[in-house]
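>>> Sequence isn't available, so here's the structure alone:
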DNA sequence: TCACTGCGTTACGCCTCATAACAAACACGA
DNA sequence: TCGTGTTTGTTATGAGGCGTAACGCAGTGA
């Protein structure tokens, strides 16, 4: 054991704090500039440092982005889970609504982070097998999956509107069920993916400005309608209008 | 009238050809590199030219991107319209399926162009009022809207699953109906937006790699299921499984 | 033949990413 | 208290992209 290794405690804390400050600054700049391409130079300037200093903490920009992605999907997952728990266990319609609204609200509050994890994959990225990118998908889905599992356990799950399931999807559902305790029927697995896609599409269109012509109030109403339509189609209890 | 103005014909054709070649090269490079950030230098190299030469045709990279965006939404709109016309007028279920599949297929074939128009807005862009970005939304929607209009004219339109329409959405629908000959009821206007969002979400998740774990065959089946579920929810005739 | 216009080139300045070499601050043991 | 090695920050430097400026060259029409 070297002296350095034993020396650690204070320095490690300082280092962790700096790393955190860098990430926060990067997020702030992304937010302010409304873009995902943050300049190392700008981050350094904002922190009263020189650009090369940042390389002590992140090997290059991609590593920093990777860290931001990891953080972002954790944050999204946590927020959605938190909001889901905020609604009573018995009221599944409310739980679904809470999940959907959490997804939307988080995306609207942190559009850059949302795009970071669910937008276009970065050029040199996504190399690590089962990297954070696919993890993001899994976590987002896990939230939904447990919702369907709960509903089924409570006997509140109707069959989805589209009940036919192809062999390929069935196989896929089996694979997915094998790696999670919250098992669901193939038909509801399919419905779950439909639900996620529909929810995601609304949020994507909205945060990317394609619903800007719709006006705030109408958009909110439209979203609630979408949430209800999804619940209908998926066989979940439908939230009130 | 100057000499140059009269001289035009041949030179103008050459110029147009070069502009076209630049755009095609840019698209090809984007496609090859899987990214939206094309380097002027690379385009020039691929065309056996020097970078500054491109500035004779595009003031800067943003102008080029702007042109690409305009082209892309035209291409998407045309392809979707073409596929819609490919299905018989009477068979509205097939028409809807054709539109949805065209949207998906085009996005899969040209993911970069798709992200260009429907992905994250570019930093310095979207300035021109009613610029191509919002135009893209309008055109995509126009395709759907005429579909609903046709269905209604044929008496094949059921009420959507979610029939309640807020005053705000109703107002929005009225506004939209005023600027298009293909009028639809407020409830179906709402359903149409839900349909678009759902379709869009699936496509976005897919082309951004979040469905990579699903396997080709299952993804196709899943998509068909989604298309059917959307038709169900929107009150449109439902395609066969 | 001769101006004129448009196109493409080279030369340049500025900025960013990233590395290298160096200096200061620090922790710890003797 | 001092010396050693580590960590962290700096300045200096190189590679490469964007965009401008100034120049050469070809085609056009009088």
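All right, it came through fine. In this text the structure is predicted, and so the values were computed from the model without any measurement. Residues are numbered from 1 along each chain as shown, chains lettered A, B, ... in the order given.
>>> Point out where chain A drops to low pLDDT.
Applying pLDDT under 70 to chain A flags residues A:1-9, A:123-137.
>>> so how many other residues sit close to the residue lying closest to residue A:225 once chain neighbours are set aside?
Closest residue in space to residue A:225, ignoring its immediate chain neighbours: residue B:162 at 4.8 Å, by CB to CB, 6 or more residues apart in numbering or on different chains. Just so you know, the C-beta spots here come from the backbone N, C-alpha and C atoms, and that holds for glycine as well. Counted with other CB atoms under 10 Å in any protein chain shown, the neighbours of residue B:162 add up to 25.
>>> how close does residue B:162 get to residue A:165?
Relative to residue A:165, residue B:162 is positioned 24 Å away (CB to CB, to the nearest Å).
>>> Residue A:237 now?
When residue A:237 is compared with residue A:165 (using CB to CB), they lie 22 Å apart.
>>> Have a look at these two and say which one is more surrounded.
residue A:165 (24 against 19).
>>> Could you look up the SS state of the more buried one?
Three-state call for residue A:165 (DSSP: H, G, I helix; E, B strand; the rest coil): coil.
>>> you'd agree it is up against residue A:184?
No: between residue A:165 and residue A:184 there is no contact under CB atoms under 8 Å: 11.6 Å.
>>> Give the residues shared as contacts by these two.
Contact criterion CB atoms under 8 Å, 6 or more residues apart in numbering or on different chains; residues bridging residue A:165 and residue A:184 by contacting each: residue A:173.
>>> now residue A:149, nearest residue through space, not along the chain?
With CB to CB, 6+ apart, the residue lying closest to residue A:149 is residue A:182, at 3.6 Å.
>>> Report how many residues lie close to that neighbour.
17.
>>> For residue B:86, see how far away it is.
Distance, residue A:182 to residue B:86, using CB to CB: 42 Å.
>>> what does residue A:104 give?
35 Å.
>>> Tell me the secondary structure at the residue nearest to residue A:225.
State at residue B:162, reduced to three classes by three-state DSSP: coil.
>>> which residues touch it?
A:225, A:228, A:229, A:232, A:241, B:187, B:190, B:191, B:194, B:233.
>>> Of those residues, just say which sits nearest to residue A:205.
Of all these, residue A:205 sits closest to residue B:194, with 11.0 Å by CB to CB.
>>> So whichever helix or strand that closest one is part of, near chain A or not?
Element membership of residue B:194 [criterion: DSSP states H and E] is helix B:186-207. Yes: judged by CB under 8 Å from any CB of the partner chain, helix B:186-207 and chain A are in contact via B:190-191, B:193-194, B:196-205.
>>> and the closest residue to residue A:88 other than its chain neighbours, how many neighbours?
Closest residue in space to residue A:88, ignoring its immediate chain neighbours: residue A:94 at 6.7 Å, by CB to CB, 6+ apart. Here the number of neighbours of residue A:94 (other CB under 10 Å) works out to 17.
>>> Residue A:84 is in contact with residue A:94, correct?
No: with contact defined as CB under 8 Å, residue A:94 does not count as touching residue A:84 (9.6 Å).
>>> I'd like the distance between whichever residue of chain A sits closest to chain B and residue A:223.
The nearest approach of chain A to chain B comes at residue A:201, 2.3 Å away (CB to the nearest CB). Distance of residue A:201 to residue A:223, given as CB to CB: 11 Å.
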